[in-house]
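Peer 1: I need the structure of the sequence given here:
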Amino acid sequence: MPGSAPAPARGAAECGPERIQARIDGSGHQTSLLLSTSAAAPGIWWLAAPALALALGGCIDWDSLSTNFTTGSGGGDQGGSATGGSTTGGGGASGGSGPYCASLSPTPTLCNDFDDVGPLVDWSTAIDPPGGSVDVDESVSRSAPASLRAQIPAGGDQFFSATITHAAGVTASEIVLGMDLRIEQGNDEPTLVGAVRFAWDPECGVGIEIIDGGARAVHWEDTTSTPFSFGELGPPDTWSRVELRYVATAPSTISLSIDGIPVYENVAAPSCEPAQPDLAVGINYTPPNTGWIVNIDNLFFDAL
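Peer 2: Next up is the predicted model:
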């Protein structure tokens, strides 16, 4: 549960350079993703990069990814108060209220409420290694009838990923990423549920990272990761609306809200060069020996 002791440090035998090297080729590009052929786009097989950015140097610095919540100003890795936790909405559509994406004006760069016929036809699927799953789930939704369900198994000694990916197709110096999020099974090991890559070489991106009961923003650039403070999500098996806003050019800032309540606003953040970003949503390379089941609905992404 949130507020428990930080995750224990991992030994080099578990996550040393040889384990990371198994996932990259000689040029530093990941090669092991299994991509579907539908709407395959250049550069979308980058999904291990956020985890690698946290892991380069031999092992993820698990102590720097503390799962302890902080309250009041000045807490956390970066940023201020950690607030939120209401389950009253804050951007997502309530169950049965009609199609979320069709209600938006103006239309964002990408939107998916997973309710239309073939909601994943324009997206590529990335599952690595085999064993996880990501698919439309008609049993649970924030806006009926369906949501996206991503699941990875517990146990083993590998990083797992189960995501859908899409290229924005437009140049952006600012992005907004929002989603309704429900955690069915989680733990205190941080994992990305939404990742936006601006560049590959060197890697530069931002994302939404979660633990069981909490969400935060994170920025990564090449071998450096900058995590921000956690905000509190709603109770287990309930929906929370999480929104990330990032201004990539100097003076770069990052903001995070949960259910419409700011966790932090316009906090100074590292920059990324404007580019045509790629989006990955689901479970992005959670650490070994952990299992996750999450549902995502009413996905909103705007590249500005």
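Peer 1: so where does the residue nearest to residue 226 when sequence neighbours are not counted fall, helix or strand?
Peer 2: Excluding the flanking residues, the one nearest residue 226 by CB to CB, 6 or more residues apart in numbering is residue 219, at 4.4 Å. In this view, the C-beta of every residue, glycine as well, is placed from N, C-alpha and C. Taking DSSP states H and E as the criterion, residue 219 maps to strand 214-221.
Peer 1: other SSEs contacting that strand?
Peer 2: helix 49-55, strand 203-211, strand 224-227, strand 231-232, strand 240-247, strand 253-258, strand 261-268 (3 or more CB pairs under 8 Å, 6 or more residues apart in numbering; DSSP states H and E).
Peer 1: Tell me which of these sits nearest to residue 142.
Peer 2: Residue 142 sits nearest to strand 240-247 of all these, at 8.4 Å, using CB to CB.
Peer 1: quick one: strands adjacent to that closest one?
Peer 2: Strand 240-247 sits in its sheet next to strand 174-185 (antiparallel), strand 253-258 (antiparallel), going by DSSP bridges.
Peer 1: Alpha carbons of the first one, as PDB, please.
Peer 2: Output of strand 174-185 as PDB, limited to C-alpha atoms (Å, rounded to 0.1, in the frame of the first residue of the first chain):
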ATOM      1  CA  GLU A 174       3.800  21.000 -25.600                       C
ATOM      2  CA  ILE A 175       1.700  18.000 -24.900                       C
ATOM      3  CA  VAL A 176      -1.300  17.100 -22.800                       C
ATOM      4  CA  LEU A 177      -2.000  13.500 -21.900                       C
ATOM      5  CA  GLY A 178      -5.100  12.400 -20.000                       C
ATOM      6  CA  MET A 179      -6.700   9.100 -19.100                       C
ATOM      7  CA  ASP A 180      -9.200   7.600 -16.800                       C
ATOM      8  CA  LEU A 181      -7.300   4.900 -14.800                       C
ATOM      9  CA  ARG A 182      -8.400   2.000 -12.700                       C
ATOM     10  CA  ILE A 183      -5.900  -0.300 -11.000                       C
ATOM     11  CA  GLU A 184      -7.200  -3.800 -10.300                       C
ATOM     12  CA  GLN A 185      -3.800  -5.300  -9.300                       C
END
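Peer 1: mind checking how far the closest residue in space to residue 191 that isn't next to it in sequence is from residue 227?
Peer 2: Once flanking residues are discounted, residue 191 sits nearest to residue 286: 3.8 Å by CB to CB, 6+ apart. Look at residue 286 and residue 227: by CB to CB, to the nearest Å, they are 15 Å apart.
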